[in-house]
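[1] Show me how the following folds:
(chains A, B, C and D)
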Number of protein chains: 2
Amino acid sequence: MNLVLGDLNRWRLDPLQAVAPQLRLILRSRIIRNDLRPMSRLSEPELAKHYAVSRQPVREAFITLVNEGLLEIRPQRGTFVKRIDYQSVLDGRFVREAVEADIVRLLAANPDPALIRELRHQIAGQADVARRNFSHFIELDEAFHRTLAHAAGVESAWEYLNAIKSQMDRVRFISNEEFPVARLIKQHETVVDTIERSDRDAAEQAMRAHLREILNALPKIQTLYPDYFEGSPSNPD
Amino acid sequence: MNLVLGDLNRWRLDPLQAVAPQLRLILRSRIIRNDLRPMSRLSEPELAKHYAVSRQPVREAFITLVNEGLLEIRPQRGTFVKRIDYQSVLDGRFVREAVEADIVRLLAANPDPALIRELRHQIAGQADVARRNFSHFIELDEAFHRTLAHAAGVESAWEYLNAIKSQMDRVRFISNEEFPVARLIKQHETVVDTIERSDRDAAEQAMRAHLREILNALPKIQTLYPDYFEGSPSNPD
DNA sequence: ACTTCCCTACTACCATACAAGTCAACGGAG
DNA sequence: CTCCGTTGACTTGTATGGTAGTAGGGAAGT
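    Below is the predicted model:
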């Protein structure tokens, strides 16, 4: 069985920069976007040949992706795209809710008009691309939440949440139909509104409700694509 | 200038397991315990020779430690123990406060007598080793907080916080004198008491107060050891 | 028909060699 | 003495070969 190459060659390597980090980004993106599917096999030599590099940088990219929970290396057996750990998604969502609830509380305590304007501007952009380009919407969604963290003065806190966001985004890319984009945007608006009128409790609740949205979609998706998950109720491994 | 080897050879490598992960754990532990100090240089070939392995596994261990924010590889220049990013410690603490506040709220909503007993047992152990062995106390402290996460059903959430804990522990190991262990243990007791009597707000506040304790020590330590930090007010890089 | 063993084709892991960039010391020119 | 270019000993990054372990298929034995 050979590797699922797809349109892998859309990506180009910059010969001036180190190869391993570039491969890391490429593979990471492809896994999150479900272009490389769970349990599919990644062959070190095959990828190396395809990019005309040696096996070593490929291997180093693999190692970093193992640390991010996206790959699984089974020694002397092979390297595979990790299935999505159901419980980890739930727990990651829990972490995000806790952190971002505190963030909006901070912001609502002392609303900054410039920030409100910026957020409203971003939301307008989200509405623009809403249905057309789901992948683009996720980027804008990422930017929105990152802006909140930045405004609260805890931007590096957001870095800590990257691995969490990755797993949640994987779920979204498996089946974007399950995510009511219009509603998500409405929730963004509610968050901004409550911050603007300095209603800390309402802002916190709005953010918590927003981040619980995935709880509606997750079970459906797990039922539709059970093979993509592990550690789930119906697939306890 | 050569590497600070110290009593590096206290550690032994198990020839049956892969070398790179073992090196990763050894180096990680030495960095967190401030045995390898910020900005000190780590030489790939020197470490390789010392452990009688090749450069490759050493290099792979380095890469994982870069991802954990403990090392910094400057290409063609050298590999150095990263200085502690002041803002990252603050933001990491912020994340922990948010998450663990929600955790104890969950636990207080439905207190489990068996859990309360277990936690009290752990606290007794903490008091035992309190002054004698600071390193051991930190391990028990880690176990305490992990037990809370486990009981709340979000143990894998705790995994996401590991990198945060690492940086905070580095601060503690730089100068353990600044940390009033007796008070920390008292705060643990307060957390357990409030959970037991199902006082959610009090439990949350107790945990938040507990995790703000490092805010007292951090500025002092930064003043005493400015070279160990970067991104701090007085050392803005 | 079923089990056991071996052989082959893989794999990840490690060792070694090579390439390319960095930096400091040295030495000669002005 | 000062300045600048060169050199050479470092560094990390990449390439490639070798080793041990795994899995699967087929042959031999029960």
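
[2] how does chain A divide into domains?
    In the assignment given by automatic domain parsing, the structural domains of chain A cover A:8-82, A:85-225.

[3] Now do the first one: distance to the chain's middle.
    Looking back up the chat, that one is domain A:8-82. 18 Å (CA atoms, centre = their mean, to the nearest Å).

[4] that older thread, which of the domains of chain A has the lowest mean pLDDT?
    Among the domains of chain A, domain A:8-82 carries the lowest mean pLDDT, a mean of 91.

[5] still on that earlier bit, redo the domains of chain A as a markdown table? Include distance to chain B.
    Quick note: C-beta positions are derived from backbone N, CA and C, even for glycine. As requested, the domains of chain A are exported to a markdown table (distance: least, CB to the nearest CB, whole Å):
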| stretch | distance to chain B |
| --- | --- |
| domain A:8-82 | 5 |
| domain A:85-225 | 4 |
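
[6] name the helices or strands packed onto whichever helix in chain A runs longest?
    Ranked by number of residues, the top helix in chain A under DSSP state H is helix A:86-109. Applying 3 or more CB pairs under 8 Å, 6 or more residues apart in numbering or on different chains; DSSP states H and E, we find helix A:86-109 packed against helix A:134-151, helix A:162-174, helix A:181-196, helix A:200-211, helix A:214-224, helix B:86-109, helix B:155-160.

[7] what angle sits between the second one and helix A:214-224?
    With axes from the mean of the first three to the mean of the last three CA atoms, to 10 degrees applied, the angle from helix A:162-174 to helix A:214-224 works out at 60 degrees.

[8] can you list contacts of helix A:162-174?
    A:28, A:31-34, A:68-70, A:84-85, A:88-89, A:92-93, A:95-96, A:134-135, A:138, A:142, A:179, A:214, A:217-218, A:221, A:225, A:228, B:160 (CB atoms under 8 Å, 6 or more residues apart in numbering or on different chains).

[9] ok, now the last one?
    Applying CB under 8 Å, 6+ apart, the external contacts of helix B:155-160 come out as A:85, A:87-88, A:91-92, A:94-95, A:160-161, A:163-164, B:99, B:145-146, B:149-150.

[10] Which of the residues you listed ranks first by neighbour count?
    When neighbours are counted by other CB atoms under 10 Å in any protein chain shown, residue B:99 leads those with 27 neighbours.

[11] Could you pull up the contacting residues of the nearest residue to it once chain neighbours are set aside?
    Counting by CB to CB, 6 or more residues apart in numbering or on different chains, residue A:98 is the residue found nearest to residue B:99 once chain neighbours are left out, at 4.5 Å. Taking CB under 8 Å, 6+ apart, we find residue A:98 in contact with B:98, B:99, B:101, B:102.

[12] So residue A:45 lies in a helix, does it not?
    Yes. Counting by DSSP: H, G, I helix; E, B strand; the rest coil, residue A:45 is located in a helix.

[13] Contact residues of chain A facing DNA strand D?
    A:18-20, A:48, A:52-57, A:60, A:75-77 (CB under 7 Å from any atom of the strand).

[14] Just the buried residues of those residues.
    Among these, those buried by neighbour count (16 or more other CB atoms under 10 Å in any protein chain shown) are A:19, A:20, A:48, A:53, A:57, A:60.

[15] Could you save those residues as JSON lines and add columns showing secondary structure?
    JSON lines is the format used below for those (three-state DSSP):
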{"residue": "A:19", "secondary structure": "helix"}
{"residue": "A:20", "secondary structure": "helix"}
{"residue": "A:48", "secondary structure": "helix"}
{"residue": "A:53", "secondary structure": "coil"}
{"residue": "A:57", "secondary structure": "helix"}
{"residue": "A:60", "secondary structure": "helix"}
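
[16] can I get those residues in TSV with distance to residue A:128?
    Shown next, in TSV, are those (distance: CB to CB, whole Å):
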residue	distance to residue A:128
A:19	37
A:20	37
A:48	41
A:53	39
A:57	39
A:60	39
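
[17] Disregarding flanking residues, what is the spatial nearest neighbour of residue A:221?
    residue A:175 (5.0 Å).

[18] Thought residue A:93 was touching residue A:214, still the case?
    Yes. Taking contacts as CB atoms under 8 Å, residue A:214 lies within contact range of residue A:93: 5.9 Å.

[19] okay, now the residue lying closest to residue A:122 once chain neighbours are set aside: neighbour count?
    Nearest residue to residue A:122 in three dimensions, chain neighbours excluded: residue A:144, at 5.3 Å (CB to CB, 6+ apart). For residue A:144, the number of neighbouring residues by other CB under 10 Å comes to 20.

[20] With the one 4 residues further on instead?
    Burial measure for residue A:148: 24 neighbouring residues, criterion other CB under 10 Å.

[21] Dump the domains of chain A into TSV; add distance to DNA strand C as well.
    As requested, the domains of chain A are exported to TSV (distance: least, CB to the nearest atom of the strand, whole Å):
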stretch	distance to DNA strand C
domain A:8-82	4
domain A:85-225	20
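
[22] need the ones you listed in TSV with distance to residue B:111, can you?
    Below are these laid out as TSV (distance: least, CB to CB, whole Å):
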stretch	distance to residue B:111
domain A:8-82	32
domain A:85-225	19
